[in-house]
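Enquirer: Fold the following.
(chains A, B, C and D)
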2 protein chains.
Amino acid sequence: MSPRPKVGLELTEILEAAAELADQFGMQEVTLANLAKKLGIRPPSLYNHFDGLGGLRKKMAIYGIDRLYEVLAQAAIGVSGDEAMLTISKAYVDFARKHPGVYEATLMAPDMEDEDVQHAGSKVVDLIVRVLQAYRLEGDTAIHAVRGLRSILHGFSSLEQSGGFKMAVDLNESLEIIIKAFTHGMREN
Amino acid sequence: MSPRPKVGLELTEILEAAAELADQFGMQEVTLANLAKKLGIRPPSLYNHFDGLGGLRKKMAIYGIDRLYEVLAQAAIGVSGDEAMLTISKAYVDFARKHPGVYEATLMAPDMEDEDVQHAGSKVVDLIVRVLQAYRLEGDTAIHAVRGLRSILHGFSSLEQSGGFKMAVDLNESLEIIIKAFTHGMREN
DNA sequence: TTGATAAAACTAATATTATTAGTTAAAATA
DNA sequence: TATTTTAACTAATAATATTAGTTTTATCAA
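Expert: Okay, here's the model as predicted:
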């Protein structure tokens, strides 16, 4: 009757192996063949843990978003306002730098509209909403601000990861200035 | 001696077919098999035109960036300052909306550091640099500003495309407010 | 006009993938 | 102890990209 207690670490181990593959070689190398080899099992055996490659990508997306959330939540402890904006922004970009494959996985779910993926993502969004509440933005402005911050952080990380920023100018400084400009501008208008 | 005059439209036709596939079904459906079927030829024949799937992705990336540049250049005609910022931002997002697959291809080159890809991208960057010159930013600030604008535009388009914005609040309004906040903030600080 | 050349298609074959179906060994539960 | 579930397995299939070598066709030069 009771749904058989899970072995527990099994799926997590698989996801961690997949995350390692992703961070080392990129998501395009996260194949069932490579993952199975790393785990010492045969590719079909993986179907006992998730529903094929699409299922793996979905689970990796959620895993990645959850890990990103943890990092952001830690960064948001004990800070508020401009300081919080900067702190979580740095934490976000830092996460993408340290875990490029996991960050990449964050956006590679076969269906981003999927309920579970959305649920994981909403935790991150809610965190940003709470940080922005310090600015007491009126009406829809808070939503616009959340969208803006997410766009900046994702765009910045994504462009940095794909080598989009070529100039020899410090990237951390760029991020800081961009965030400060945005928050300042959102407060004014 | 003279390198046989090209048929001319051949490669462009192929890229347009690939772009259609990408826009209709997404980049993951742009396979050599699907592309060949659409063109009425056999997959290996495509190797006469580019170097495998990687070569196609690279050519599609450049093709997409070039088309994006054209749209932005058109949008930048006869405007300057805040108006130009808003106009090209809208044009950028509009392009990503109308050509989701081509925009996706823009970031799917096997090696974004590739010289040809960089060259195509630098035209877009230069265009943004010119628009930002109206603000007479000092020193590295111009570079930070370019990075910020690109982050916003790419992040916004990317998140919108992958269904990242769930709230029922007008997306165009969001973009406008975000851009205005950012430009205003860059001028102040 | 004819012959050489090069482009661009083709067939055939191979290596990797993901995937499905059905099977088996081991562990946990009742 | 008997049963059930988990999680591995083998075998087989379909789709993919890719390589090698061949053939057709159009263009250019003589």
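Enquirer: only C-alpha atoms for contact and neighbour calcs from this point on.
Expert: Will do.
Enquirer: Low-confidence regions, chain A specifically.
Expert: For chain A, the stretches with pLDDT under 70 are A:1-9.
Enquirer: run the last query once more with 50
Expert: Residue ranges of chain A with pLDDT under 50: A:1-8.
Enquirer: Would you mind naming what in it lies close to chain B?
Expert: Within chain A, the residues that sit near chain B (CA under 8 Å from any CA of the partner chain) are A:107, A:112-113, A:140, A:143-145, A:147-148, A:150-156, A:158-159, A:162-165, A:167, A:169, A:173-175, A:177-178, A:180-186, A:188-189.
Enquirer: Which members of the residues you listed are classed as buried?
Expert: Buried members of the residues of chain A next to chain B, scored by 16 or more other CA atoms under 10 Å in any protein chain shown, are A:107, A:112, A:143-145, A:147-148, A:150-156, A:158-159, A:164-165, A:174-175, A:177-178, A:180-186.
Enquirer: Show the secondary-structure elements that the helix or strand where residue A:120 lies is packed against.
Expert: Under the criterion of DSSP states H and E, residue A:120 resides in helix A:115-132. Counting contacts by 3 or more CA pairs under 8 Å, 6 or more residues apart in numbering or on different chains; DSSP states H and E, helix A:115-132 is packed against helix A:52-75, helix A:81-98, helix A:141-161.
Enquirer: List the contacts of the residue lying closest to residue A:21 once chain neighbours are set aside.
Expert: Sequence neighbours aside, residue A:30 is the residue nearest to residue A:21 in space, at 6.1 Å (criterion: CA to CA, 6 or more residues apart in numbering or on different chains). Applying CA atoms under 8 Å, 6 or more residues apart in numbering or on different chains to residue A:30 gives the contacts A:18, A:21-22.
Enquirer: closest to chain B among those residues?
Expert: Of all the contacts of residue A:30, residue A:22 has the smallest distance to chain B: 15.6 Å, by CA to the nearest CA.
Enquirer: Surely the closest one touches residue A:98?
Expert: No: judged on CA atoms under 8 Å, residue A:22 makes no contact with residue A:98 at a distance of 11.6 Å.
Enquirer: which of these two has more neighbours?
Expert: Applying other CA atoms under 10 Å in any protein chain shown to residue A:22 and residue A:98 shows that residue A:22 carries more neighbours, namely 24 against 11.
Enquirer: Contact partners for the more buried one?
Expert: Neighbouring residues of residue A:22 by CA under 8 Å, 6+ apart: A:28-30, A:100-102, A:105.
Enquirer: Number of residues surrounding residue A:122?
Expert: Other residues within reach of residue A:122 by the criterion other CA under 10 Å amount to 16.
Enquirer: contacting residues around residue A:148?
Expert: Going by CA under 8 Å, 6+ apart, the list of residues near residue A:148 reads B:152, B:156, B:174-175, B:178.
Enquirer: same thing but 6 Å
Expert: Contacts for residue A:148 (CA atoms under 6 Å, 6 or more residues apart in numbering or on different chains) come out as residue B:178.
Enquirer: Please apply the same query to residue A:48.
Expert: By CA under 6 Å, 6+ apart, residue A:48 lies in contact with nothing.
Enquirer: And it, how close does it get to chain B?
Expert: Relative to chain B, residue A:48 is positioned 25 Å away (CA to the nearest CA, to the nearest Å).
Enquirer: and what of residue A:126?
Expert: Note on residue A:126: its distance to chain B, by CA to the nearest CA, is 12 Å.
Enquirer: Kindly report the same for residue A:75.
Expert: Distance of residue A:75 to chain B, computed by CA to the nearest CA: 22 Å.
Enquirer: Run a quick check on that residue versus residue A:88, I expect a contact.
Expert: Yes: taking CA atoms under 6 Å as the definition, residue A:75 is a contact partner of residue A:88 at 5.5 Å.
Enquirer: okay, the two: which has more neighbours?
Expert: It is residue A:88, of residue A:75 and residue A:88, that has more neighbours when counted by other CA under 10 Å, with 23 against 19.
Enquirer: does that one really touch residue A:77, like I thought?
Expert: No: between residue A:88 and residue A:77 there is no contact under CA under 6 Å: 9.6 Å.
Enquirer: In contact with the nearest residue to residue A:32 once chain neighbours are set aside, which residues?
Expert: Excluding its sequence neighbours, the residue lying closest to residue A:32 (CA to CA, 6+ apart) is residue A:43, at 5.5 Å. Counting by CA under 6 Å, 6+ apart, residue A:43 touches A:32-33, A:36.
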